[in-house]
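Novice: need a 3D model of the sequence below.
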Amino acid sequence: MVDIDPEASAAARFAYELRRHRLMAGLTQGQVGRRIGFSESMIGMVETLKREPTEGFARLCDRVFRLDGVLYGLYKEAWPPPPPVPEHFRDWAAEELRATTLRLWDPLLIPGLFQTETYARWIIECAPGITSEEVDQRVSSRMQRKRALFGDDPPMVWSVIDEGVLCRPVGSTSIVREQLEHLVEMARHPKVTIQVVPYGARAGAGLLGAFGIAEMRGIPYTVYVESQPHGRTIDERSLITKIVNRYDAIRGEAHSQSLSLKMIEEAVRKWI
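Specialist: Prediction:
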């Protein structure tokens, strides 16, 4: 039997409470499974944090145990819905909330998780044919994605950016300065590490495009790769391995965390 600490995370609380109420009701995993239409193994995996429940699963368990929405409330806390992002980005937005570690590389822009509203708005407005309503929606969605960093159990984020990102004009001088000041704040977040790849580093392969890697307890399980007209989420093991190897090679050329922070602070002073 796996001991679950209910204080470890919202997901752990859900698993703990599911098992506790099942035992209080005097039911086996198989009996609960038959009552809600899921397999015995599914009940067991949810109780041991090996599988995530669905919304319907949580609601059905509430009905079986007559809990009046208790488990559903815990489900929403543990697995909140992803922001209303474009369809091609939905899978990755969900992984940003679920992953225990995120590894990001961006050779051109500040990563979306660290963008200020004015910086994001200027970038999004550049899309051909986009309406003002679509701009507002996408900016709002990008800002909502930041909740991944400020929840009860945020992921570790290892972000590597090219030095050119600090010098790239995006809108006005004030927009860039505000953005870099915010990046300094994010670099001091206890679960965020930002490193800068300097000009001249042997990281040419990384210039082909940005990407992100999502890990669960040390195991990379999906990646998001930027491309035109839009990016895509990939879960093919062979491609994930190649992206992870590329990320490690790029990060190997980056400055240390402390030196990178000094570079960002120096860049802030240049945008006056």
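Novice: quick one, what contacts the closest residue to residue 176 other than its chain neighbours?
Specialist: Nearest residue to residue 176 in three dimensions, chain neighbours excluded: residue 271, at 4.8 Å (C-beta to C-beta, 6 or more residues apart in numbering). In this view, the C-beta of every residue, glycine as well, is placed from N, C-alpha and C. By C-beta atoms under 8 Å, 6 or more residues apart in numbering, the residues touching residue 271 are 173, 176-177, 180.
Novice: what mean pLDDT does stretch 65-76 get?
Specialist: Summarised as a single mean, pLDDT over stretch 65-76 is 93.
Novice: re the thing from before, check the gap between the residue nearest to residue 176 and residue 196 for me.
Specialist: 16 Å (C-beta to C-beta, to the nearest Å).
Novice: do residue 232 as well
Specialist: Distance, residue 232 to residue 196, using C-beta to C-beta: 27 Å.
Novice: compare the two (neighbour count), which wins?
Specialist: Neighbours were counted for residue 232 and for residue 196 using other C-beta atoms under 10 Å; residue 196 has more, 26 against 13.
Novice: and the pLDDT at that one?
Specialist: 97.
Novice: mind listing what the most centrally placed residue in the chain touches?
Specialist: The residue lying closest to the centre of the chain (C-alpha atoms, centre = their mean) is residue 96, at 1.6 Å. By C-beta under 8 Å, 6+ apart, the residues touching residue 96 are 82, 102, 113, 145, 148, 155, 214.
Novice: any idea which of the residues you listed is closest to residue 264?
Specialist: Closest approach to residue 264 among the contacts of residue 96 (C-beta to C-beta): residue 113, at 15.6 Å.
Novice: break this protein into its domains for me.
Specialist: Taking automatic domain parsing as the domain assignment, the ranges for the chain are 10-78, 87-270.
Novice: ok, which of those comes nearest residue 3?
Specialist: In terms of C-beta to C-beta, the element of these nearest to residue 3 is domain 10-78, at 9.4 Å.
Novice: if we can go back for a sec, dump the contacts of residue 271 to a markdown table, plus pLDDT.
Specialist: Output for the contacts of residue 271, formatted as a markdown table (pLDDT from 0 to 100):
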| residue | pLDDT |
| --- | --- |
| 173 | 96 |
| 176 | 97 |
| 177 | 96 |
| 180 | 97 |
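Novice: what's the closest of these to residue 163?
Specialist: Nearest to residue 163 out of the contacts of residue 271 is residue 180 (C-beta to C-beta; 12.4 Å).
Novice: quick check: closest non-adjacent residue to that closest one.
Specialist: Nearest residue to residue 180, sequence neighbours excluded (C-beta to C-beta, 6+ apart): residue 268, at 4.5 Å.
Novice: residues touching the one you found, list them.
Specialist: By C-beta under 8 Å, 6+ apart, the residues touching residue 268 are 177, 180-181, 184.
Novice: name the helix or strand for it, please.
Specialist: Here residue 268 sits within helix 257-270, counting by DSSP states H and E.
Novice: next, the buried residues of that helix.
Specialist: Under the neighbour-count criterion of 16 or more other C-beta atoms under 10 Å, helix 257-270 has 260-261, 263-264, 267-268 buried.
Novice: stretch 200-214 now?
Specialist: Applying 16+ other C-beta under 10 Å to stretch 200-214 flags 201, 203, 206, 210-214 as buried.
Novice: what's the end-to-end length of that stretch?
Specialist: 28 Å (C-alpha to C-alpha, to the nearest Å).
Novice: give me the residues contacting that stretch.
Specialist: By C-beta under 8 Å, 6+ apart, stretch 200-214 touches 92, 95-96, 98-99, 101-109, 111, 162, 197, 220-227, 240, 243-244, 246-247, 249-250, 253-254.
Novice: export the buried residues of stretch 200-214 as a markdown table, with columns for pLDDT, secondary structure and distance to residue 43.
Specialist: Below are the buried residues of stretch 200-214 laid out as a markdown table (pLDDT from 0 to 100; DSSP: H, G, I helix; E, B strand; the rest coil; distance: C-beta to C-beta, whole Å):
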| residue | pLDDT | secondary structure | distance to residue 43 |
| --- | --- | --- | --- |
| 201 | 86 | coil | 51 |
| 203 | 73 | coil | 47 |
| 206 | 74 | helix | 44 |
| 210 | 95 | coil | 40 |
| 211 | 96 | strand | 36 |
| 212 | 96 | strand | 33 |
| 213 | 97 | strand | 31 |
| 214 | 94 | strand | 26 |
